[in-house]
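Novice: sequence and predicted structure, then a few things I'm wondering about:
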Amino acid sequence: MKTISIVVPCYNEEENVEALSQAIIATFEKDLPAYGYELLFIDNDSQDSTRDIIRRLCAGNKNIKGIFNAKNFGQFNSPYYGMLQTTGDCTILMAADFQDPVEMIPKYVKEWENGYKIVIGIKNSSQENKLMYWLRGCYYKMIKKLSDVEQIEQFTGFGLYDKKFIQVLRDLDDPTPFLRGIVAELGFRRKEIPYEQPRRRAGKTSNNFYKLYDAAMLSVTSYTKVGLRLATIFGSICSAISMAVAVIYLVMKLLYWDRFPAGMAPMLIGMCFLGSVQIFFIGLVGEYILSINSRVMKRPLVVEEERLNFADPGEKQPEDKEDSHEI
């Protein structure tokens with residue numbers, strides 16, 4: 001019997017985790033009775049009763065597993081690390097808030113059995129805020145145009161990944177992984193299935209402007225050179241214009257010494273403009289340096305505090321080439 005692993009990252013999802021587990025189990029019993037399942041909740045240091053609910057679910061069903069992080073390791077590291085801990089023939093990553101429809105699981109499995117190693121969901125519409133959906137669309141289009149590798153529009157990471165691709169992720173050894181970019185750059189031949197993203201079932205999203213900015217900067221610094229190239233090109237253009245203006249001012253002043261007042265206004269405007277441009281590009285270059293620094297330090301993706309329903313500590317885990325707590 002083939003086993004399908006489901007990874008569900010959690011952060012303050014006390015209103016959703018139990019309902020989601022029931023929906024997933026019901027889907028397997030109804031639509032996928034020939035498959036075994038492994039349901040893994042990885043909690044990113046929730047401050048509500050999410051962990052208590054996961055403990056209760058694990059105690060009642062040995063197919064449900066839990067990993068509790070020692071602290072919040074961010075919206076990218078925790079799901080990625082959870083995927084590396086699965087043991088199934090394929091792994092499905094989905095959100096805990098029901099915005100990734102459970103009804104998509106049988107569709108993914110069907111395409112996987114047809115030979116696709118990666119099957120992903122593409123949002124063709126959404127019931128979320130229209131402005132946010134439009135802004136996300138603009139962001140995806142911008143990254144797709146700027147990136148050196150193919151990027152996937154309206155893809156959040158929700159999808160099915162064969163165990164061969166999970167092994168690629170294990171071997172990648174990336175301390176700052178961006179799954180959406182990795183799937184586009186290193187993934188096998190994939191099948192894309194459109195779906196409408198529903199509203200969040202309950203609770204409040206933890207996403208804010210800073211987290212969205214962090215996601216945008218990670219994709220820009222990981223898969224584009226445009227920031228550095230833009231700084232070089234724009235700096236060269238500004239230097240050429242400044243040199244030309246300086247020469248023109250010098251010639252005009254020499255020719256019309258008494259009638260041509262240079263004045264301070266042009267100098268102040270030029271200095272403020274060039275200063276703001278320099279600060280902007282220094283900040284952008286700093287984002288690249290920050291990304292490089294994170295990779296060079298090679299810190300672990302996640303530090304675990306507790307595991308539930310996993311094999312005994314002495315037995316080999318799916319990801320313990322060196323230490324199951326460190327990638």
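Specialist: Arrived safely.
Novice: which residue ranges of the protein form helices?
Specialist: 17-31, 50-60, 74-84, 104-113, 130-146, 163-172, 179-186, 209-223, 226-255, 265-297 (DSSP state H).
Novice: find me the pLDDT at L230, would you?
Specialist: pLDDT, the model's per-residue confidence, is 70 for L230.
Novice: still on that earlier bit, okay, the helices of the chain, which one's buried deepest?
Specialist: helix 74-84 (a mean of 23; mean count of other CB atoms under 10 Å). C-beta here means a position set from N, CA and C on the backbone, and glycine is covered the same way.
Novice: now the angle between helix 163-172 and it, please.
Specialist: Between helix 74-84 and helix 163-172, the angle comes out at 120 degrees (axes from the mean of the first three to the mean of the last three CA atoms, to 10 degrees).
Novice: what's the closest non-adjacent residue to A231?
Specialist: F281 (4.0 Å; CB to CB, 6 or more residues apart in numbering).
Novice: for D89, see how far away that neighbour is.
Specialist: When CB to CB, to the nearest Å is applied, the distance between F281 and D89 equals 48 Å.
Novice: count of residues packed around the nearest residue to V183 once chain neighbours are set aside?
Specialist: Leaving aside its sequence neighbours, V183 sits nearest to I118 (CB to CB, 6+ apart; 6.4 Å). Residues lying near I118 (other CB atoms under 10 Å) number 21.
Novice: check I118 and give its pLDDT.
Specialist: Looking at I118, its pLDDT reads 96.
Novice: wait, it sits on I182?
Specialist: No. Using CB atoms under 8 Å, I118 is not in contact with I182, being 10.7 Å away.
Novice: so which of the helices of the chain comes closest to L40?
Specialist: Closest to L40 of the helices of the chain is helix 74-84 (CB to CB; 5.8 Å).
Novice: and the closest one, what does it pack onto?
Specialist: Packing contacts for helix 74-84, counted by 3 or more CB pairs under 8 Å, 6 or more residues apart in numbering; DSSP states H and E, involve strand 3-10, strand 36-43, strand 64-69, strand 90-93, helix 163-172, helix 179-186, helix 209-223.
Novice: including distance to T232 and mean pLDDT, could the ones you listed go into a markdown table?
Specialist: Below are the helices and strands packed on helix 74-84 laid out as a markdown table (distance: least, CB to CB, whole Å; pLDDT from 0 to 100):
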| stretch | distance to T232 | mean pLDDT |
| --- | --- | --- |
| strand 3-10 | 38 | 96 |
| strand 36-43 | 41 | 96 |
| strand 64-69 | 40 | 96 |
| strand 90-93 | 38 | 97 |
| helix 163-172 | 30 | 93 |
| helix 179-186 | 23 | 84 |
| helix 209-223 | 16 | 62 |
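Novice: these: which one's closest to L135?
Specialist: Proximity to L135 (CB to CB) singles out helix 209-223 among the helices and strands packed on helix 74-84, at 8.8 Å.
Novice: nearest to Y80, out of the helices and strands packed on helix 74-84?
Specialist: helix 179-186 (5.9 Å).
Novice: packing partners for that closest one?
Specialist: helix 74-84, helix 163-172, helix 209-223.
Novice: how about that helix as CSV, C-alpha atoms only?
Specialist: Output of helix 179-186 as CSV, limited to C-alpha atoms (Å, rounded to 0.1, in the frame of the first residue of the first chain):
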residue,chain,number,x,y,z
LEU,A,179,10.1,26.4,-2.1
ARG,A,180,8.3,28.2,-4.9
GLY,A,181,11.6,29.1,-6.6
ILE,A,182,13.1,25.7,-6.0
VAL,A,183,10.1,23.9,-7.6
ALA,A,184,10.5,26.2,-10.7
GLU,A,185,14.2,25.9,-10.9
LEU,A,186,15.0,22.3,-9.9
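Novice: centre of the chain versus that helix, how much separation?
Specialist: The chain centroid and the centroid of helix 179-186 are separated by 10 Å under CA atoms, centre = their mean, to the nearest Å.
Novice: for stretch 106-123, same thing?
Specialist: Relative to its chain's centre, stretch 106-123 lies at 20 Å (CA atoms, centre = their mean).
Novice: sweet, I'm off.
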